[in-house]
Structures are given as structure tokens and as C-alpha cells.
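> any chance you can model this:
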Amino acid sequence: MGQEKVKCIFCGGDLCWDSDEKANDMFVDYGDDDEAIISYYHCMKCGRSYEIADPTKEEKETEYKDYWK
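Now for the predicted structure:
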């Protein structure tokens, strides 16, 4: 089964993965989640950049908990 390409929300172009970083390496206040990742993508068509972060422990347990089931 093939993986579907992720599309840019602005122009519909394909997103290209750039890199991943541990969230705690980037943000001191991210919490105690040592496994959280921030992924970086850019659009091959319009050049926009995307930063996609795992939800924090607090987000998983509070107002957004229904999304992370």
C-alpha cells in the first residue's frame, strides 16, 4: 500500500520532508516528553515552510484530548 503525499494548504503542491528535531532540543519549556518530535517540511510548488510538532503532554490531557485518542 503506497503512502499518500501531503499537500500544501495554500497551493496544493506536494510537501517535501526536510528534517526532524527532538522537541526538547528546540524548546526548553516543551515538557518532560523526551520522545516528542518537530518535523520540518517545505512545499515544492510555492516554497512555504511547515513546522509540525507532536502535541505536548498537556495538550493530550486537556482541551485537545479527544484528538489524540
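
> surely residue 13 meets residue 41?
No. Counting by CB atoms under 8 Å, residue 13 sits too far from residue 41 to count as a contact (10.9 Å). C-betas here are computed from N, CA, C, even on glycine.

> between the two, what contacts are shared?
Counting by CB atoms under 8 Å, 6 or more residues apart in numbering, no residue touches both residue 13 and residue 41.

> centroid residue for this structure?
Central residue of the chain (CA atoms, centre = their mean): residue 52, 1.8 Å from the mean position.

> is that residue in a bridge, and if so with what?
residue 39 (DSSP bridges).

> show me what contacts it?
Listed by CB under 8 Å, 6+ apart, the contact partners of residue 52 are 38, 39, 40, 41.

> what subset of the residues you listed is buried?
For these, a burial check counting by 16 or more other CB atoms under 10 Å picks out 38, 41.

> so where is the protein shaky, pLDDT-wise?
For the chain, the stretches with pLDDT under 70 are 1-3, 26-34, 68-69.
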